[in-house]
Each structure stands twice: as structure tokens, then as C-alpha cells.
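1. A structural model of the following input is requested.
(chains A, B, C and D)
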Protein chains: 2
Amino acid sequence: MADRDRPELGPRKSAVLCAVVEQYVRTGEPVSSESIAEHSGLGVSSATIRNEMAALEELNFLTHPHTSAGRIPTDAGYRHYVDSLPAGGRLREAQRRLIAGYFAEAIVDLEEVLTGSVQLLSRLTQYAGLAVPPSADEEPIVRVELIDMGPTLMILVVGQHGRVDKQVVDKPDGVGAGDLREADRRLRTLRGLTYLDAQARLLQLAAEGGDGQRDLLLFAAETLRIATQGERSAHMVVGGVSNLAGEAQQMRRDTLRRLFETLEREQEMLGVLADIGPSQGELSVTIGAEHPSTGEWEASLITAPFKTGQTTLGTIGVVGPTRMDYLSAMASVRAVAKRLSELATEIDR
Amino acid sequence: MADRDRPELGPRKSAVLCAVVEQYVRTGEPVSSESIAEHSGLGVSSATIRNEMAALEELNFLTHPHTSAGRIPTDAGYRHYVDSLPAGGRLREAQRRLIAGYFAEAIVDLEEVLTGSVQLLSRLTQYAGLAVPPSADEEPIVRVELIDMGPTLMILVVGQHGRVDKQVVDKPDGVGAGDLREADRRLRTLRGLTYLDAQARLLQLAAEGGDGQRDLLLFAAETLRIATQGERSAHMVVGGVSNLAGEAQQMRRDTLRRLFETLEREQEMLGVLADIGPSQGELSVTIGAEHPSTGEWEASLITAPFKTGQTTLGTIGVVGPTRMDYLSAMASVRAVAKRLSELATEIDR
DNA sequence: CTTAGCACTCCCACGCGCAGAGTGCTACGT
DNA sequence: ACGTAGCACTCTGCGCGTGGGAGTGCTAAG
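-> Model prediction:
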């Protein structure tokens, strides 16, 4: 990892940096050498802290707004802080109970669980929660249904994990009830195939099939294609954005607007998450300018995958200002992702 | 209507008021008597305008922030302005083309149309768009499907207008494949009934049915109940909220937060829309303190129903700051609602 | 009823000085 | 070599007063 490349800070520098981050996150005000000297148990004077701070500034972990103000962390400062955090952050009892309470209810529909989890996360952290639902690619199909709605036709695909994709199309000319029944029969043979496999199979069937059949099967293939890639592949879940709008979060107005804009452009947001997702293991933290988008929002992203066993299903996490309570937010995301994984494994059986 | 109760303003007062509103909306700055005298074609001096303004202030249509500042409209001022607007606001050619372009694509899925329309509205107006999809109550059911997903069971309901409701439940003990087939057969008899009627019918069937049947039918009834009322009855569609976050809209930070909060609490938002919806006819405009919620946000709401023939399907509209370009926003909402109604009528055949 | 004129009020931008906070540096002690 | 006390320095933020300017309200004349 990148943090191993850097010259390792001495333990005291590190302690000072962490103290600055923590205090700044708590108060939102630049922090002075004196307050660190007092409140943070290193038995040294403010002058020493000042020296350390100057060094940390030289190393690009801190800045000042102006000469005679306290220090605030840079993105790199936050990064060091995050990397030096103990792996298992504590949750407060109230939070623990919130999570336990939420997952105690029997929930079976993945989509529903995700919206709930996102809300849970946004409540826990006071930032915005977000989730990327599983891709349909590898989900086995339980049923494909062709529904005659008069002038139009609905194609309905039900996946093993509870996803339902639908598409409404104009009924092709010259398609009779017989064609529908026949197509329906063939579509039933897709059961058990994954969305991807089913797509390939459909194209093959369509090539073989008669005229009336071909269009219908192609429509179904199209439905699967839309479900697996592009536009409506899977709706991202976002919640608690109002948390970010508040005064306290002190996000700048136009960065806030840009963040919201991106959140509304699902594809773009998915792209960002894809960029930062495949990091090492459990938890991925992206701070400010570490990614162009988060840099533009002056925000940070904490995400974690949720999985059944070894296979990753999706991603869940939070967005907040770079001045974020990383410790607690990371603990929350980690905890929710863990419970979510357990739940998913259980549903999957 | 309320505006008929008030002493009718003279035509010149009205003109002055409207000029003030228009200029304030455009510039965002308090407007002076002089600028009105100059730019608004009434051939009178600023002194006269001042007198009129004083009178308008007395009547509560205007205020000033302080003694020597220009005037800004009160909510009542905006109200008068809106009420005196010509019924058919003009759209700019570019807007007209945007709308035409959007509706030119053949779209058949109502849900999809609504998200598209909401985005369209938010682009047209630069405010946030929102839509309430049709209630399922009166929608005829096309199909009810019981899908065996192993340990769980999915109940799927498809409505005539393309809505799909699903619920996943744990499979009750002792339900065999035979029970499922039998229940499935009975559920097919619901075809053509509305969601509401089907619910009643199901309860009746459940009462008659055998043990294995009862649970399944009750689950289906529950799915219908959830679809028609309460929590997930129908997901409100919201789009373009980032438009409101921008500097230009000059919405206060904490009112913005409150607005977002309400938008996130779907039920509450639906309540607000229900309160203001049933106004007279085409377009409903709610300005600031005219409704407690809009008052709290210092925002205005412009909504219009969309319908097939006589029956109202749902509502579509925009939210923006009270300092809103009502003329153009109203024209946009009206136009989109109209096209939407045409489209819905056409889909409905 | 309109309007020119004018006094008045209030905001706002500016300059000023000052207290306070916080730093950087230097010199001293261990 | 490292920590620390002390001190000068710098910069912000605030209060204050001041002047310009914008815009009003009023009055008196047409």
C-alpha cells in the first residue's frame, strides 16, 4: 500500500497528527499547538508541538488557513490518520442497538434490505448512505414471464435473490396467442440460468425460432441486457442526503451541488464507486482529492462490499465531508456490511 | 377563490406589483421605485410608483428588508401575481422542443415515463421535479403470480398500467407443490379486478379455502394491501434536487435541509401533496406560508394532475424557492402534465 | 392625482486601531 | 541533540466611526 512508501512518521508526529485530526473533526475549527499540548496526554509543551506541527506541515499533512491560525489536516493528513486507526473501531451502545434492532426483523427482499440499510447508515453516521445492489449477471433466473397487456406486452424476469426486471414493449404485428404460449414455454426453459447465460441462450433460440417467435425472444433478450448493463441495470440506493445539507457539515454550497448532481447521475456515481471499490479487502476509504470526483466535492467515501461467502454481491457505504468522523463512520459501515453479508448468506442458504 | 375576497387592486397597483415580482425574481435584489418607473412602460414617475408601493406594502403585498432598500414581494404578493397571470404562459422555443423531443420517443412503461418527465421538468425549470404515480386502487390486475423461490415465496402482481408489485415471504410450513398450484389457479381468477376489489375477493377466498390455501391467499391479500396503502404504496419520483442546492437559488441552508428531509420522508411528502392537490382544476400553486410545510421551506410548489379522460392518475410538478419564475414554471408544468395526460390516455387506449 | 424636490434613514464598504490567538524563532537548560 | 521558555511577529476578527449612496417618505407645487 501507498502508506508504506512514505517515510514512516515518528510515533510522536503520528500522535500529534491524529490529535489534530480528531480535534478538528470534533470542533470544525483550526486547532492550536497549545490545545494539543494540553488535551492529548503527550507530556510535552506547546513549543514542541509547534515544532512537530511545522514538520508535519512540511510533510504536507497539515496546513494553515493563514499565518496565525491553528492547523487543519490535509487530505494526506486524514489518510495517515485513517491508516493508523485500529482495525476494529468501537460502536457506541446506542448504535450497536440500532443495528441489531434493524437486522432483528426478518427481512427477505434484498432491495428492501438495502434501502433500509442505507437509511440505517445515514442515521448512524449523519452522512449520506448509499448502496449498489448486486449485478444481475450471475444471478440465477427463477422465472421469465410474458404478459399480454392488450396492445403491449410485458416481459418480466424474476431472479433468485428477489430482483424483478420488467420491460414493456409494443406487441409486434402478427403475433397471436399461440405464438405467445409457445414463446412462454421456451422462456420457462431459462430457469436456473444466470442472466448472462440466459441472454446468450435466448439469442441462440431466436436464431433457430420461427418468425413470430424471433421478435418475442429478442425482446426478452433485450430485457435481460438492460437488466445486466447500462441504464437501469440496477438502481443505486441513496439516502440521508439531507444530512449533508445542514449547516453543521460546513460543506461549501457549490461542492454540495456538484455532489448532489453526481448522486443523481446514477451511471456516473457507479463509475466512481467502481473506481474506488476494488481496493484490498474489507473497507475502502477515499479521501478528498484521492479521486477526482471526491476531490471535486471535497468529500470522502467509505465503502465496503457485502457478500455471500466468497462472492461479492454489492457495495454499501457513506459519503460525507472530508472533515468526517472516520473512526465512527468506518465502524458503522463495517458493522452494517458485516450484518448485511450474514443476512445475504442466510437468505442464500 | 380567496383572491376574490380581497379588495381588487386597481390595474396600476397590480401592474406595479407584477413588475416588482418579475424584476425581483429575475435579479434576486430588492427592487427600487425608480427601476420600475423606468423599465416597465407605465408612463409615470418614480414618486408615483413609490406611492403605489407604499400602498401595496400597507396591503401586505410587499415588504422591505430595511427603510432604505427596495421592495420585495411577500407570499401574498406572489399569490396576486400568480393569480393575475394569463392562463396560457408561453414556453420558449427551446423548451418546447425539449418537451416535444422527450415525448416523441415511444415510451410505454408509466414508471419510466414518470422518472423521465420529472427529469424533464427539472431541466426545464431549474427547480426540483416530482411526481406521484397513480394509486393502484382502481388499476385492473393483469396477473398475480406465486413464485417458488426455495425457502421463500414471491408474490408478484402486475397491473394494467405496467406497475409491478412484489413481496417476498417465508414459505409457510407444510405448503406443498400442490397447494402452490392450486393457489396459483385461484389467483389467476383475479384478472380484471382492481387492486381494491381483488383484495376483498381474496379475503373471501381465504375464508373459504383449506388450510394450506389460506396462508397463501392471505399473503397475496397483504401484498395488495401494501401496494394500495401505506409504506411502499407507490414510490414518489423526485429529481433535480441538485438544482436547488446551487448558490443562485439563494435558499437558506437550514430550510434547504428541511425541504430535503421532507422529500426523503415519502409519506410526509405525499401528505403535503394531498393537502394542496385537490384544488380547482388544472394547475395548483402553493406559495410559501400558504401551507405549513412549504412555509417551513420558504418554498413554492406547482403541481398539476395528469389523467386519462376524466379520471386523475397522479400528480406532477416542481418545488422551488418562493422567489420562483412562476410564469415559466407554470407553463412547463402545464405543458408536461398535458403531454403526460395525452400519453396516458393513448396507452390506456 | 401626479410629480419634482428634498430631507431623512439606513446599509455598506472602508479605514483604523486594538486585542487576542497562534505561530516561528532564538536562546537557554538538560 | 532535544525540549522548553520567552518573545517578537503576523494575521484575524471586532468595534467604531465615517462617508457615500441608494432609496424612501413627505411636502408642496402643478
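
2. ok, which residues in the stretch 1-150 of chain A are in contact with chain B?
-> By the criterion of C-beta under 8 Å from any C-beta of the partner chain, the positions of the stretch 1-150 of chain A lying close to chain B are A:Ala106, A:Val108, A:Asp109, A:Val142, A:Arg143, A:Glu145, A:Ile147, A:Met149, A:Gly150. C-betas here are computed from N, CA, C, even on glycine.

3. what do you get if the cut-off is 7 Å, keeping everything else the same?
-> A:Val108, A:Asp109, A:Val142, A:Arg143, A:Glu145, A:Ile147, A:Met149, A:Gly150 (C-beta under 7 Å from any C-beta of the partner chain).

4. you'd agree the third one is in a helix?
-> No - when the secondary structure is assigned by DSSP: H, G, I helix; E, B strand; the rest coil, A:Val142 falls in strand instead of a helix.

5. how far away is the nearest residue to A:Glu261 once chain neighbours are set aside from A:Glu222?
-> Take A:Glu261 and drop its neighbours on the chain: the residue closest to it by C-beta to C-beta, 6 or more residues apart in numbering or on different chains is B:Ser242, 4.3 Å away. B:Ser242 is 31 Å from A:Glu222, where distance means C-beta to C-beta, to the nearest Å.

6. Which of these two has more residues huddled nearby?
-> Using other C-beta atoms under 10 Å in any protein chain shown as the criterion, B:Ser242 and A:Glu222 rank with B:Ser242 on top: 20 against 15.

7. which residues touch that one?
-> B:Ser242 sits next to A:Arg257, A:Phe260, A:Glu261, A:Glu264 when contact means C-beta atoms under 7 Å, 6 or more residues apart in numbering or on different chains.

8. circling back to that earlier point, can you flag which of the residues of the stretch 1-150 of chain A next to chain B belong to strands?
-> Using DSSP state E, the members of the residues of the stretch 1-150 of chain A next to chain B that fall within strands are A:Val142, A:Arg143, A:Glu145, A:Ile147, A:Met149.

9. Please name the bridge partners of the second one.
-> To tie it back to what came earlier, the one meant is A:Arg143. Under DSSP bridges, the beta-bridge partners of A:Arg143 are A:Val158.

10. Near it, how many other residues are there?
-> The tally of other residues near A:Arg143 (other C-beta under 10 Å) stands at 19.

11. quick one, phi psi at the residue in the stretch 101-250 of chain A that chain B sits nearest to?
-> Residue nearest to chain B within the stretch 101-250 of chain A (C-beta to the nearest C-beta): A:Ser242, separated by 3.6 Å. Backbone torsions for A:Ser242, taken as degrees, to the nearest 10, come to phi -60, psi -30.

12. So for it, what's the pLDDT?
-> The model reports A:Ser242 with a pLDDT of 97.

13. Give the closest residue to A:Tyr326 in space, chain neighbours not counted.
-> A:Val82 (5.2 Å).

14. re earlier: most neighbours, which of the contacts of B:Ser242?
-> When neighbours are taken as other C-beta under 10 Å, the top entry among the contacts of B:Ser242 is A:Phe260 (24 neighbours).

15. hang on, isn't it packed against B:Val241?
-> Yes - with contact defined as C-beta atoms under 7 Å, A:Phe260 counts as touching B:Val241 (6.1 Å).

16. Kindly report the residues of the stretch 1-150 of chain A close to DNA strand D.
-> A:Arg12, A:Gly43, A:Val44, A:Ser45, A:Ala47, A:Thr48, A:Asn51, A:His66, A:Thr67, A:Ser68, A:Ala69 (C-beta under 7 Å from any atom of the strand).

17. Distance to A:Leu121, neighbour count and pLDDT added to those, as CSV?
-> Listed next are those as CSV, based on distance: C-beta to C-beta, whole Å; neighbours: other C-beta atoms under 10 Å in any protein chain shown; pLDDT from 0 to 100:
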residue, distance to A:Leu121, neighbour count, pLDDT
A:Arg12, 35, 13, 93
A:Gly43, 39, 6, 87
A:Val44, 39, 15, 92
A:Ser45, 42, 12, 93
A:Ala47, 43, 11, 95
A:Thr48, 40, 16, 96
A:Asn51, 40, 15, 95
A:His66, 36, 6, 91
A:Thr67, 40, 5, 89
A:Ser68, 39, 7, 89
A:Ala69, 34, 13, 92
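
18. Could you pull out the strands in chain A for me?
-> A:62-63, A:72-73, A:128-132, A:141-149, A:152-159, A:164-170, A:237-239, A:284-287, A:299-308, A:311-321.

19. Strand partners (parallel or antiparallel) of the last one?
-> What it means is strand A:311-321. strand A:128-132 (antiparallel), strand A:299-308 (antiparallel).

20. out of those, deepest packed?
-> strand A:128-132 (a mean of 26; mean count of other C-beta atoms under 10 Å in any protein chain shown).

21. what is the mean pLDDT for that strand?
-> Averaged over strand A:128-132, pLDDT sits at 97.

22. Now tell me what touches that strand from outside.
-> A:114, A:117-119, A:121-122, A:236-241, A:243-244, A:270, A:273, A:314-319.

23. make it 6 Å
-> Strand A:128-132 is touched from outside by A:114, A:118, A:121-122, A:236-241, A:243-244, A:273, A:314-316, A:318-319, with contacts defined as C-beta atoms under 6 Å, 6 or more residues apart in numbering or on different chains.

24. go on, stretch A:324-331?
-> Stretch A:324-331 has contacts (C-beta under 6 Å, 6+ apart) with A:Val25, A:Val82, A:Leu85, A:Gly89, A:Leu91, A:Thr125, A:Leu283, A:Ser300, A:Ile302, A:Val318.

25. By neighbour count, sort out the buried ones in the residues you listed.
-> Among the contacts of stretch A:324-331, those classed as buried by 16 or more other C-beta atoms under 10 Å in any protein chain shown are A:Val25, A:Val82, A:Gly89, A:Leu91, A:Thr125, A:Leu283, A:Ser300, A:Ile302, A:Val318.

26. DNA strand D: which of those residues is nearest?
-> Nearest to DNA strand D among the buried ones among the contacts of stretch A:324-331, counting by C-beta to the nearest atom of the strand, is A:Val25 at 19.3 Å.

27. how much space between whichever residue of the stretch 51-200 of chain A sits closest to DNA strand C and A:Ser33?
-> Scanning the stretch 51-200 of chain A for proximity to DNA strand C using C-beta to the nearest atom of the strand identifies A:Ser68 as nearest, at 3.5 Å. A:Ser68 sits 12 Å away from A:Ser33, going by C-beta to C-beta.

28. Next: A:Lys171.
-> Taken as C-beta to C-beta, the span from A:Lys171 to A:Ser33 is 75 Å.

29. Could you check which of those two has the larger neighbour count?
-> Between A:Lys171 and A:Ser33, A:Ser33 has the larger neighbour count (other C-beta under 10 Å), namely 21 against 16.
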